[in-house]
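**Student:** next one to model:
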Amino acid sequence: MGDPLALFDLTGRVACITGASSGLGRRAAQVLAAAGAQVVCVARRQEALEAVVSDIGPSATYVAADVADRAGQKSLCEDITRAFGSPDILVHAAGINTREAADDVTDDGWDTTLALNLSAPFFLSQHLVPAMKAKHWGRIVNFASLQTTRAFPGGIAYGTTKAGIAQMTRAMAEAWSKDGITANAIGPGFFPTELTNAVFSDPDRAARNAAQTCVGRNGELSDMDGPLLFLCSNASGYVTGQTLMVDGGFTAK
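**Tutor:** Sure, this is the predicted structure:
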């Protein structure tokens, strides 16, 4: 029996993380780099990306781009592969929640949410999967949500995309896992990120959410490290098509 910890070693792997300028995407870039991967950080805000790359060091680079721009995805993929080669690992952490009530959803709000949360992960993966197939190894990690299975006020567009993520993840697994590529999703509970500022800026609301969990607290960024590393490494070689809820048991109650 070899060293079990070697299952989590990402030395020699290249990881691409979207939404890497802040929150869970930034944390993902830091964790995968610490595990040995070379990381490509993708987001729209160049200054924030520069800060992430500076924090990680020479094993990181960035591409400032809008992953939801369908017309620009081919050139985006070329930029992603330029520094370290084609990614072995894709983490789709970019997302938006317009928080529009059902009666107030706009065409633009709906289309923007679907384009970033659902279409971008699929088409970016489709562009980069051929290189994974050639290596017969790949990891795709999508981001689901509590709203994958729960309906929240003001979340009809967001929740629709996150329910779609669960099915897309299963369909990705069906299509590509025979080629050595696993596809899984992580469903975060309430974590302190830019996307959840509205929640954590209200202490009473944050406390109610914490009470809804089985463990009695909201998430901390470090709570995501182990599950993410598991799904991005050899440790999860026989796990595919799954949505792993990292929510302190919120959805168990």
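**Student:** and the lowest-mean-pLDDT helix or strand in the chain, what's buried?
**Tutor:** Here the helix or strand of the chain ranked lowest by mean pLDDT, DSSP states H and E is helix 197-200, holding a mean of 78. Neighbour-count burial for helix 197-200 flags V199 (criterion: 16 or more other C-beta atoms under 10 Å). Quick note: C-beta positions are derived from backbone N, CA and C, even for glycine.
**Student:** got it, and stretch 144-151?
**Tutor:** Result for stretch 144-151 [16+ other C-beta under 10 Å]: buried residues 144-148.
**Student:** on the C-terminal side of the least confident helix or strand of the chain, identify the next helix or strand.
**Tutor:** Note on helix 197-200: by DSSP states H and E, the next helix or strand toward the C-terminus is helix 203-212.
**Student:** packing partners of that next one?
**Tutor:** Applying 3 or more C-beta pairs under 8 Å, 6 or more residues apart in numbering; DSSP states H and E, one finds that helix 203-212 contacts helix 197-200.
**Student:** so what touches the helix it packs on?
**Tutor:** Residues outside helix 197-200 that contact it (C-beta atoms under 8 Å, 6 or more residues apart in numbering) are 99, 190, 192, 205-206, 209, 218.
**Student:** from those residues, keep the buried residues only.
**Tutor:** 99, 190, 192, 206, 209, 218.
**Student:** and of those, the nearest to I156?
**Tutor:** Taking C-beta to C-beta as the measure, I156 sits nearest to R99 out of these, at 10.0 Å.
**Student:** for that closest one, what are its contacts?
**Tutor:** Listed by C-beta under 8 Å, 6+ apart, the contact partners of R99 are 154-155, 158, 198.
**Student:** contacting residues around S22?
**Tutor:** 43, 48, 193-194.
**Student:** which ones among those map onto strands?
**Tutor:** Secondary structure defined by DSSP state E assigns A43 of the contacts of S22 to strands.
**Student:** scan the contacts of S22 and report the most crowded one.
**Tutor:** Compared across the contacts of S22, A43 has the highest neighbour count, 25 neighbours, by other C-beta atoms under 10 Å.
**Student:** nearest residue to it other than its sequence neighbours?
**Tutor:** Of all residues not flanking A43 in the chain, S21 sits nearest, at 3.6 Å (C-beta to C-beta, 6 or more residues apart in numbering).
**Student:** what about the one you found, neighbour count?
**Tutor:** When neighbours are counted by other C-beta under 10 Å, S21 registers 26.
**Student:** if I pick it, what's in contact with it?
**Tutor:** The neighbours of S21, taking C-beta under 8 Å, 6+ apart as the test, are 41, 43-45, 48-49, 52.
**Student:** could you export the buried ones among the contacts of helix 197-200 as CSV, including distance to Q167 and pLDDT?
**Tutor:** Listed next are those as CSV, based on distance: C-beta to C-beta, whole Å; pLDDT from 0 to 100:
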residue, distance to Q167, pLDDT
R99, 23, 93
F190, 23, 93
P192, 28, 86
A206, 30, 90
N209, 26, 93
N218, 27, 95
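**Student:** determine which two of those residues are furthest apart.
**Tutor:** Largest pairwise distance in the buried ones among the contacts of helix 197-200, by C-beta to C-beta, is 18.4 Å, between R99 and N218.
**Student:** shaky segments in this protein?
**Tutor:** 1 (pLDDT under 70).
**Student:** in it, which helix has the most residues?
**Tutor:** helix 156-176 (DSSP state H).
**Student:** which element follows that helix toward the C-terminus?
**Tutor:** Counting by DSSP H and E, what follows helix 156-176 is strand 181-188.
**Student:** give me the helices and strands touching that following strand, please.
**Tutor:** helix 120-135, strand 138-143, helix 156-176, helix 225-232, strand 243-246.
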